[in-house]
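Participant: predicted model and sequence follow; I will ask about them next.
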Amino acid sequence: MDHNKKIIFSGVQPSGSLTIGNYLGALKNFGKLQADYNCYYCVVDMHTLTVRQNPEILKERSYQVLALYLACGLDPEKNVLFIQSHVPCHAELSWILGCYTYMGELQRMTQFKDKSARHADNINAGLFTYPVLMAADILLYKTDMVPIGVDQKQHLELARNIAERFNNIYGDTFVIPEPYIPKQSAKIMSLQEPDKKMSKSDTNVNNFVLILDSQDVILKKFKKAVTDSGCEIVYDEINKPGISNLINIYASVKDISREDVVKEFEGSRYGDFKVAVGTAVAEALAPIQSKYNDFIADKAYLDSLLKRNAEIAGENARKTLKEVYEKVGFIVF
Ligand code: AQP
């Protein structure tokens, strides 16, 4: 690692097959940052247990996320790609930070409110303390910047508050991390219900497009996407959430501005625009899918990468944890 470079940490939960929301909001940016930062990209498997998981499927999905990191262009020599549960310091720091987090702060988290409404039969303590574990993930690596979608902004703000609180009591320990949120793909919305976020754990498969969906399925899902009244392709999040979401998706996939999209499709019909968005997404995903298939077929390679990176991440995490233990008054050898 180059010690002059700033540090980035981000993670993705293997709680389902990843959507284009995960790709455009997070993964696509990870690749852009790898040249200028020291990056830790984690498969945050421990977070997934806040919702019931099938153990065999969870294991396979953790490999899937790693293979997708690689397929999206993350260089395993330049980035530390690893699994959260392989570095026990995450859970250890989480306990400490939990003692510096107030119940009221956690009660205000919108993800907790949303997920406890969706999983009313399983409102577990982990769902409640999820943001504390996320704070530990980030703060362990003295992270300067966290690339995330806007849905995670509230959690990051909490991580900053916890870090500041700890630093105020014990002196400078944690770096206060900044969010890095893409402008046009900060929140990709559901295709059928464009007033809600596209989520991999959604029960309606037409609400999301997966990174690994076939070209046909991608096109079908975009053709079915809900649009709004009127017929013009204009950006208006309040009155035209469906079309605005499609504009954001097209702009992010093509790396152009919303204004350029609106200009390009002036006078086009909704139906033609939906096909154009679907085609652009399918074209962008095709090379990722092909690389993914190669990586996922080589579990021995993925395992060796994970073992090596657990060591690297663990070594750096242990340094921070030791500092924290000393500060709070634990006997450390
Ligand atoms: N729809 C989205 N638009 C933009 N960014 C998004 N992200 C997720 N959905 C969108 C970003 O992807 C990263 C990884 O997210 P995560 O897997 O850790 O959890 P999440 O935010 O809860 O994502 P999902 O897909 O909604 O998962 P489930 O359904 O399991 O809760 C994060 O940076 C996130 O912001």
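Facilitator: That came through fine.

Participant: you'd agree Tyr41 is in a helix?
Facilitator: No. Assigned with DSSP: H, G, I helix; E, B strand; the rest coil, Tyr41 falls outside any helix and is strand.

Participant: please name the residues that touch it.
Facilitator: Shown in contact with Tyr41 (CB atoms under 8 Å, 6 or more residues apart in numbering): 9-12, 30, 69, 74, 79-82. Heads up, the C-betas are built off the backbone N, CA and C, glycines and all.

Participant: cool, and Gly278?
Facilitator: 218-219, 221-223.

Participant: again, only using 7 Å
Facilitator: 218-219, 222-223 (CB atoms under 7 Å, 6 or more residues apart in numbering).

Participant: residue contacts, the residue in the stretch 201-333 of the chain that the ligand sits nearest to?
Facilitator: Closest approach between the stretch 201-333 of the chain and the ligand, counting by CB to the nearest ligand atom: Ser201, at 3.2 Å. Ser201 is in contact with 15-16, 51, counting by CB under 7 Å, 6+ apart.

Participant: what subset of these is also close to the ligand?
Facilitator: Near the ligand, taking CB under 6 Å from any ligand atom as the test, the members of the contacts of Ser201 found are 15-16.

Participant: from the contacts of Ser201, which is closest to the ligand?
Facilitator: Ranked by distance to the ligand (CB to the nearest ligand atom), the contacts of Ser201 are led by Ser15 at 3.4 Å.

Participant: wait, that closest one sits on Ser199?
Facilitator: No. Using CB atoms under 7 Å, Ser15 is not in contact with Ser199, being 9.1 Å away.

Participant: how far away is Gln184 from Asn248?
Facilitator: According to CB to CB, to the nearest Å, Gln184 and Asn248 sit 5 Å apart.

Participant: joint contacts of the two?
Facilitator: Common neighbours of Gln184 and Asn248 (CB under 7 Å, 6+ apart) are Arg258.

Participant: out of those two, which sits in the more crowded spot?
Facilitator: Using other CB atoms under 10 Å as the criterion, Gln184 and Asn248 rank with Asn248 on top: 24 against 19.

Participant: who's in contact with that one?
Facilitator: 184-185, 188, 258.

Participant: repeat for Ile138
Facilitator: Contacts of Ile138 by CB under 7 Å, 6+ apart are 9, 146, 159, 177.

Participant: surely it forms part of a helix?
Facilitator: Yes. The assignment for Ile138 (three-state DSSP) places it in a helix.

Participant: let me know the pLDDT of it.
Facilitator: pLDDT recorded at Ile138 is 98.

Participant: likewise for the one 3 residues further on?
Facilitator: Note on Tyr141: pLDDT of 98.

Participant: was I right about it contacting Cys42?
Facilitator: No. Counting by CB under 7 Å, Tyr141 sits too far from Cys42 to count as a contact (9.3 Å).

Participant: these two: who's more crowded?
Facilitator: A direct count of neighbours by other CB under 10 Å for Tyr141 and Cys42 places Cys42 higher, at 29 against 24.

Participant: wait, is Pro179 part of a strand?
Facilitator: Yes. Pro179 forms part of a strand when assessed by three-state DSSP.

Participant: count of residues packed around it?
Facilitator: Pro179: 18 neighbours (other CB under 10 Å).

Participant: with Tyr63 instead?
Facilitator: 18.

Participant: tell me the contacts of it?
Facilitator: Tyr63 touches 296, 299, 302, counting by CB under 7 Å, 6+ apart.

Participant: from these, which ones fall inside helices?
Facilitator: 296, 299, 302 (DSSP state H).

Participant: which one of the residues you listed sits closest to Ala135?
Facilitator: Leu302 (28.0 Å; CB to CB).

Participant: contact residues of the stretch 101-250 of the chain facing the ligand?
Facilitator: 148-149, 151-152, 185, 187-188, 197-201.

Participant: sorry, back to before: how about the contacts of Ser201 in TSV, adding neighbour count?
Facilitator: As requested, these are exported to TSV (neighbours: other CB atoms under 10 Å):
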residue	neighbour count
Ser15	20
Gly16	19
Val51	17
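
Participant: now secondary structure and distance to Val277 too, for the contacts of Ser201, in TSV please.
Facilitator: What follows is the contacts of Ser201, written out as TSV (DSSP: H, G, I helix; E, B strand; the rest coil; distance: CB to CB, whole Å):
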residue	secondary structure	distance to Val277
Ser15	coil	26
Gly16	coil	22
Val51	coil	30
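
Participant: can I get the contacts of Ser201 in TSV including pLDDT and distance to Tyr100?
Facilitator: Output for the contacts of Ser201, formatted as TSV (pLDDT from 0 to 100; distance: CB to CB, whole Å):
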residue	pLDDT	distance to Tyr100
Ser15	94	27
Gly16	92	32
Val51	93	26
